[in-house]
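J.: Structure here, sequence nowhere to be found:
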C-alpha cells in the first residue's frame, strides 16, 4: 500500500513477508479515538507497541536458535 505521506513507522510489504510481522495496526480507545499502534508477529502471535518488532520477532528468533543450537555439542 502506497501513500503520499507514509508514516515513519510503516513497514514495507516486503518486510512483512520476510519477517512475518504485520502492522502497524491501529488500536482505539472507548471513544473511538486512535489510542496507539502495535505490530503483530504472525508466527507466534506476539504483539508489541515497540516499532523494533518490525525488524523481526525476538520470540521466534530465540525459538529458532534453541532448535538449532542443541545439535552443536
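T.: It's in. Quick caveat, the model's predicted, so the values are computed rather than measured.
J.: OK, contacts around residue 38?
T.: Taking Cβ atoms under 8 Å, 6 or more residues apart in numbering, we find residue 38 in contact with 23, 24, 25, 27, 47, 48, 49. C-beta coordinates here come from the backbone N, C-alpha and C atoms, glycine included.
J.: which other helices and strands contact the helix or strand hosting the first one?
T.: Mapping residue 23 onto the secondary structure by DSSP states H and E places it in strand 21-28. Helices and strands touching strand 21-28, by 3 or more Cβ pairs under 8 Å, 6 or more residues apart in numbering; DSSP states H and E, are strand 34-41.
J.: Mind listing what's buried along the strand it packs on?
T.: Of the residues in strand 34-41, 38, 39, 40, 41 count as buried by neighbour count, 16 or more other Cβ atoms under 10 Å.
J.: May I have the strands that pair with the helix or strand following that strand, each with its orientation?
T.: Later in the chain than strand 34-41, the nearest helix or strand by DSSP H and E is strand 47-48. Strand 47-48 has the following strand partners under DSSP bridges: strand 34-41 (antiparallel).
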